[in-house]
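Undergrad: Here you go, sequence then predicted model.
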Amino acid sequence: MEGRVMANQAPVLLVEDNPDDEALALRALKKNHIPNEVVVARDGVEALDYLFGTGRFAGRDLRKAPPVVLLDLKLPKIDGLEVLRRLRADPRTHTQPVVILTTSNEYRDLHTSYALHANSYIRKPVDFNEFTQMLGEVAHYWLSLNEPPPPAPAA
């Protein structure tokens, strides 16, 4: 990854309630030389507030949509599947790239994530080196190779 220029400099949204997993993800992104700022939401409400510019994120420039949302499923207040459901139901965010990043092995979670049009479903590797490599590949794809969806029309 070193030396690669990331095309989309908008902040990545990491939705993660586990402080250890948050620290690992931030460390892995840094180790992969990802220049994008990472905004962390620690529950589903914070994630929705960021994406819709409400709550503590009121007034945020919604034209700067994250190139990707890294979304855990097991979250307080509103779980990840409900966050995804609400994103897909709103015309402003229905094309928002969402990568499920979870430890869940439950078939129901996998099936429901794809039924709600998650862009990808990745189980977090336990090994830090594997996790770092995986997150570097995910970031490279979504920030450098993927062509982002066009912005939603103004309401």
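TA: Happy to help now that I have it.
Undergrad: Give me the distance between His117 and Val138.
TA: To Val138, His117 is 18 Å away according to C-beta to C-beta, to the nearest Å. In this view, the C-beta of every residue, glycine as well, is placed from N, C-alpha and C.
Undergrad: Which residue comes closest to Pro149 once chain neighbours are left out?
TA: Take Pro149 and drop its neighbours on the chain: the residue closest to it by C-beta to C-beta, 6 or more residues apart in numbering is Thr95, 3.8 Å away.
Undergrad: okay, the one you found: pLDDT?
TA: What the model reports as pLDDT for Thr95 is 95.
Undergrad: So, low pLDDT: which residues of the protein?
TA: Applying pLDDT under 70 to the chain flags the ranges 1-8, 152-155.
Undergrad: Going by residue numbers, what spans are strands in it?
TA: Using DSSP state E, the strands of the chain run over residues 12-15, 38-41, 69-71, 98-102, 120-123.
Undergrad: looking at those strands, which is buried most?
TA: Of the strands of the chain, the one with the most neighbours on average (mean count of other C-beta atoms under 10 Å) is strand 69-71, at a mean of 27.
Undergrad: Can you tell me the strand partners of that one and which way each runs?
TA: Strand pairing for strand 69-71, using DSSP bridges, gives strand 12-15 (parallel), strand 98-102 (parallel).
Undergrad: Let me have these in a markdown table, extended by distance to Asp79.
TA: Shown next, in a markdown table, are the strands paired with strand 69-71 (distance: least, C-beta to C-beta, whole Å):
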| stretch | distance to Asp79 |
| --- | --- |
| strand 12-15 | 10 |
| strand 98-102 | 11 |
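Undergrad: Wait, Pro149 touches Thr93, no?
TA: No. Counting by C-beta atoms under 8 Å, Thr93 is not a contact partner of Pro149; they are 9.9 Å apart.
Undergrad: Between these two, point out the one with more neighbours.
TA: Of the pair Pro149 and Thr93, Thr93 is the one with more neighbours under other C-beta atoms under 10 Å, namely 19 against 12.
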